[in-house]
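K.L.:
A predicted structure for the sequence below; I have some questions about it.
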Amino acid sequence: MRVCGERQGDEEQSEQEADARTTHDAMAGALHHRRREVAAVPRAVNAMFKVARALDLNVPLRLTGAMLVALDDVTLGYDGRPVLEHVSLGVERAEFVALLGPNGAGKTTLFRGMLGLIPVLGGRITYGFDRRLQPPGYVPQKETLDPIFPLTVFEVVVMGTYARLAPLRPVRQRQRATAAGCLEQVGLADLARQPFWTLSGGQRQRVLIARALAAEPTLLLLDEPTAGIDPGAEAGIMELIARLNHERALTVVLVSHHLRLVRSVVRTVIWVEDGVVTRGSTAELLAPERLAAVFGGVVTRA
């Protein structure tokens, strides 16, 4: 009876072990399947965002590896009053984007929001870089430096290096070399010792671009860089910006009214009109028939 009991116990133990192995295998299989499902989620999400952007759907954006700036359901305005609402779009790395639209449409508000000059009233703006350690380069529409302070061209450009310097830290040889290199890039190295206020409008804009480059930015934002300068200098400024974008893989966002010049150098447009922000190709958003409908036949300037 003892032997029979031992055999019966062995059989029960074998059955239990078999059940345990079956359970283990089932759990392992389910876990493997679950892991595959989880791994597939990011790919599916990325695909969803690509489709949403292609169809211009109002789907929240997230910052991907290719995205440098992402606006997710953003509201911007002044004194708590919104000018633009529910803006969702992105700017990719090394992209050259023109921010365009009729006067008073809100493009300056959007530009200032992307630059961080005005607070976000709703939603969020995410950056693919640390804005404290690597601040954006900024070129204002016009710089008014009082002639009473006889700053040279080189001294103005050196100011751009201050963005990366700790408080009270003096400018050293590295910063001076950076400034000199930026002046070389904009073609004004020979004017380094000239007083800034004696330059022409086009030359001053080149100096301001060099100052912005001296901050060694990943993102360069320009507010009407060709405003107030002669037509010959306008083309040169736009060619310079396009070259910087191409040679340095510098991400560029500029506000402009000069549609003809913009059309020749950019591939992507962010169009602001009647509180609506649309991102699309230059060919689509700057098509002559579309501009004629917007501006009543005036298609070269907004």
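P.N.:
Sure, I can see it.
K.L.:
so where is the stretch 101-250 of the chain shaky, pLDDT-wise?
P.N.:
For the stretch 101-250 of the chain, applying pLDDT under 70 flags the ranges 144, 146, 148.
K.L.:
cutoff 90 now
P.N.:
Per-residue confidence for the stretch 101-250 of the chain (pLDDT under 90) gives these ranges: 132-133, 141-150, 163-169, 227-232.
K.L.:
what about the strands in it?
P.N.:
Along the stretch 101-250 of the chain, counting by DSSP state E, counting those that start in this stretch, strands occupy 120-127, 137-139, 219-223.
K.L.:
mean neighbour count added to those, as CSV?
P.N.:
Just so you know, the C-beta spots here come from the backbone N, C-alpha and C atoms, and that holds for glycine as well. Shown next, in CSV, are the strands of the stretch 101-250 of the chain (neighbours: other Cβ atoms under 10 Å):
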stretch, mean neighbour count
strand 120-127, 16
strand 137-139, 23
strand 219-223, 24
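K.L.:
to Leu168, which of those lies closest?
P.N.:
Closest approach to Leu168 among those (Cβ to Cβ): strand 137-139, 22.8 Å.
K.L.:
name all residues that make contact with Gly137.
P.N.:
By Cβ atoms under 8 Å, 6 or more residues apart in numbering, the contact set of Gly137 is Gly160, Ala212, Leu213, Ala215, Pro217, Leu219, Leu220, Leu221.
K.L.:
change it to 10 Å
P.N.:
160, 163, 208-222, 244, 250-252 (Cβ atoms under 10 Å, 6 or more residues apart in numbering).
K.L.:
go on, Leu261?
P.N.:
Leu261 neighbours (Cβ under 10 Å, 6+ apart): Ala98, Thr226, Pro231, Glu234, Ala235, Ile237, Met238, Glu239, Ala242, Thr300, Arg301.
K.L.:
select only the buried ones of these in ChimeraX?
P.N.:
A single ChimeraX command is used to select the members of the contacts of Leu261 judged buried by 16 or more other Cβ atoms under 10 Å:
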select :98,226,234,235,237,238,242
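K.L.:
which ones among the contacts of Leu261 map onto helices?
P.N.:
Using DSSP state H, the members of the contacts of Leu261 that fall within helices are Pro231, Glu234, Ala235, Ile237, Met238, Glu239, Ala242.
K.L.:
which one of the residues you listed is nearest to Pro167?
P.N.:
Ile237 (33.2 Å).
K.L.:
how close does the nearest residue to Arg124 once chain neighbours are set aside get to Gly128?
P.N.:
Nearest residue to Arg124, sequence neighbours excluded (Cβ to Cβ, 6 or more residues apart in numbering): Asp72, at 5.4 Å. According to Cβ to Cβ, to the nearest Å, Asp72 and Gly128 sit 14 Å apart.
K.L.:
repeat that for Val97.
P.N.:
Using Cβ to Cβ, Val97 is found at 15 Å from Gly128.
K.L.:
who's more crowded, the two?
P.N.:
Val97 (23 against 19; other Cβ atoms under 10 Å).
K.L.:
for stretch 288-301, give the mean pLDDT please.
P.N.:
Per-residue pLDDT over stretch 288-301 has a mean of 74.
K.L.:
nearest to Gly113 among the strands of the stretch 101-250 of the chain would be which one?
P.N.:
Checking the strands of the stretch 101-250 of the chain against Gly113 by Cβ to Cβ gives strand 120-127 as the closest, at 6.4 Å.
K.L.:
contact partners of that closest one?
P.N.:
60-63, 67-88, 90-91, 113-116, 134, 136, 218-219.
K.L.:
narrow the residues you listed to those that are buried.
P.N.:
By neighbour count, with 16+ other Cβ under 10 Å, these hold 61, 67-72, 74, 76-77, 83-88, 90-91, 113-115, 134, 136, 218-219 as buried.
K.L.:
need the CA coordinates for stretch 244-254. CSV is fine.
P.N.:
Taking Å, rounded to 0.1, in the frame of the first residue of the first chain, the C-alpha atoms of stretch 244-254 are listed here in CSV:
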residue,chain,number,x,y,z
LEU,A,244,23.1,79.8,-43.4
ASN,A,245,20.1,77.4,-43.3
HIS,A,246,21.8,75.1,-45.9
GLU,A,247,25.4,75.2,-44.7
ARG,A,248,24.8,75.2,-41.0
ALA,A,249,21.6,73.1,-40.9
LEU,A,250,20.2,76.0,-38.9
THR,A,251,16.5,76.0,-38.3
VAL,A,252,15.1,79.3,-39.5
VAL,A,253,11.7,81.0,-38.9
LEU,A,254,11.2,84.5,-40.4
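K.L.:
where do the helices sit along the stretch 1-150 of the chain?
P.N.:
Secondary structure of the stretch 1-150 of the chain (DSSP state H, counting those that start in this stretch): helices located at 2-55, 107-115.
K.L.:
hmm, I typed the wrong one, I wanted the stretch 201-302 of the chain.
P.N.:
Assignment of helices within the stretch 201-302 of the chain using DSSP H, counting those that start in this stretch yields the ranges 201-213, 231-248, 259-265, 282-285, 288-295.
K.L.:
all good on my end, thank you.
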